[in-house]
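**Student:** Model the structure of this input:
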Amino acid sequence: MFLLRKEFRQIVRNPFMIRAIIAVPIIQMLILVPAVTFEIKRIDLAVIDNDHSPSSRELLARLSGSSFFRITATPVNIEEAEALLFSGDADMALIIPGDFSEGLAGITRPRLQVLADAVNATSAQLSWNYLTSVVRDFNRDIVIGEGAATAGISAAGSLQASLPGIAVSSRFWYNPTLNYKYYMLPGVLVILITAIGLMMTGLNLVREKEVGTIEQINVTPVRKWELIASKVIPFFIIGLLDLALGLCIGWLAFNIPFEGSLLLFFACASIFLVAVLGLALFFSTMASTQQQFLFVAFFFVMIFILMSGIFTPTESMPVWAQQFNWVNPVAYLMRINRMVMLKGAGFHDIARDVGMLTVLAVAFITLAIRAYRKRA
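**Tutor:** Modelled structure (predicted):
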């Protein structure tokens with residue numbers, strides 16, 4: 001209890017730590033949630049129209065009317081289009097050949113040429129899908145329109161009836177509006193408490209090494225597990241408070257749904273915090289300075305976060321990366337948060353992840369206690 005009192009006094013007396021505890025969740029949630037997204041809302045398109053026909057103008061009107069495309073340039077040749085792609089002034093270039101309208105009339109083979117900036121492969125693939133969707137709808141309407149013109153009104157009705165008559169009605173479960181913020185916020189909450197728990201806890205112990213106060217504690221009859229507990233408990237409480245603050249910000253600022261149990265949500269976060277705090281204390285036992293600890297902690301935090309599935313599904317990763325996630329506590333809580341918040345999952349739905357997270361928490365905290373050498 002005396003050690004706990006000391007830890008809380010140190011936290012309260014440190015103005016930087018108080019500001020970080022309050023400001024980090026607010027800034028992180030308000031910036032990362034809306035900013036980090038794989039959605040593409042604007043594609044800068046350069047167009048070379050060598051046909052200048054009503055058909056080509058109709059296609060361009062459909063692209064301009066789309067919510068994704070914006071025609072920003074009309075180069076006169078492919079070399080200028082490639083220069084726009086190279087400079088980043090255009091994301092895609094569409095070349096309409098001079099015989100485009102003839103191709104639609106069946107005289108020649110209809111064709112279009114598309115150049116895409118594929119430095120970002122995901123963005124290029126999505127842009128291509130959007131473009132082909134517009135062209136496909138345009139082509140379908142051309143086929144129906146030509147059928148009406150050549151066969152008359154009644155024949156057009158029979159032509160349209162002969163086309164596949166399957167009506168597709170989509171319904172997206174757990175995220176009906178396809179709002180990417182709903183997917184990102186549970187992951188950002190995990191990053192938040194990882195940063196608070198791992199960085200602040202480890203730096204606290206290493207700082208005591210630098211100023212020499214840890215030596216005064218080592219000569220006392222305090223046992224190792226008591227010292228570790230006194231370091232874990234304050235930041236465990238702070239981590240849960242920051243998680244609650246981040247959750248409130250998500251609800252107030254982004255109207256994030258929460259379908260599951262709050263008790264289960266915080267219980268899983270508590271297990272995760274024990275694992276992260278144990279890992280932080282283990283790293284701090286190996287470091288003599290704050291710079292050494294920051295280097296080691298930053299290395300592992302980056303690996304844990306990037307391989308956790310916050311940006312890309314873990315199922316798409318190589319087999320060795322999926323096996324690494326067996327010892328990655330961030331990956332478990334990432335899945336748990338999304339399951340509980342968006343799907344309303346119960347304990348039986350996430351029992352395997354909770355069990356593995358518990359094993360890691362016990363292992364990491366035990367490792368921290370055994371690694372700490374209590375000596376004067």
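**Student:** Tell me, please, where in the stretch 1-150 of the chain the pLDDT is lower than the cut-off.
**Tutor:** 143, 145-150 (pLDDT under 70).
**Student:** the strands in it, which residues?
**Tutor:** Per DSSP state E, counting those that start in this stretch, the stretch 1-150 of the chain carries strands over the ranges 43-49, 69-73, 92-96, 113-116.
**Student:** how far is the third one from where the chain is centred?
**Tutor:** Between the mean C-alpha point of strand 92-96 and the mean C-alpha point of its chain there is a distance of 31 Å (CA atoms, centre = their mean, to the nearest Å).
**Student:** And that strand, what does it pack against?
**Tutor:** strand 43-49, helix 54-65, helix 78-87, strand 113-116, helix 121-162 (3 or more CB pairs under 8 Å, 6 or more residues apart in numbering; DSSP states H and E). Every C-beta, even on glycine, is put in place using the N, C-alpha and C of the backbone.
**Student:** Select, out of those, the one closest to Gln322.
**Tutor:** Gln322 lies closest, by CB to CB, to one member of the helices and strands packed on strand 92-96: helix 121-162, at 20.0 Å.
**Student:** Show me what counts as buried in the helix or strand following the closest one.
**Tutor:** As assigned by DSSP states H and E, the chain's next helix or strand after helix 121-162 is helix 180-194. Applying a neighbour-count criterion of 16 or more other CB atoms under 10 Å, one finds 181-194 buried in helix 180-194.
**Student:** In a markdown table, list those along with pLDDT and distance to Phe265.
**Tutor:** Below are the buried residues of helix 180-194 laid out as a markdown table (pLDDT from 0 to 100; distance: CB to CB, whole Å):
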| residue | pLDDT | distance to Phe265 |
| --- | --- | --- |
| Lys181 | 87 | 18 |
| Tyr182 | 88 | 15 |
| Tyr183 | 87 | 17 |
| Met184 | 88 | 17 |
| Leu185 | 91 | 13 |
| Pro186 | 91 | 10 |
| Gly187 | 90 | 14 |
| Val188 | 90 | 15 |
| Leu189 | 92 | 9 |
| Val190 | 93 | 12 |
| Ile191 | 90 | 16 |
| Leu192 | 89 | 14 |
| Ile193 | 91 | 12 |
| Thr194 | 91 | 16 |
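**Student:** For stretch 35-44, buried residues please.
**Tutor:** Ile40, Ile43, Asp44.
**Student:** If we only consider the residues you listed, which is nearest to Ala321?
**Tutor:** Using CB to CB, these come closest to Ala321 at Ile40, 25.7 Å.
**Student:** shouldn't that closest one be in contact with Ala124?
**Tutor:** No. Using CB atoms under 8 Å, Ile40 is not in contact with Ala124; the gap is 9.8 Å.
**Student:** what's the closest of the strands of the stretch 1-150 of the chain to Phe272?
**Tutor:** Here strand 43-49 is closest among the strands of the stretch 1-150 of the chain (CB to CB), at 38.6 Å.
**Student:** list the helices and strands the closest one packs on?
**Tutor:** Applying 3+ CB pairs under 8 Å, 6+ apart, we find strand 43-49 packed against helix 54-65, strand 69-73, helix 78-87, strand 92-96.
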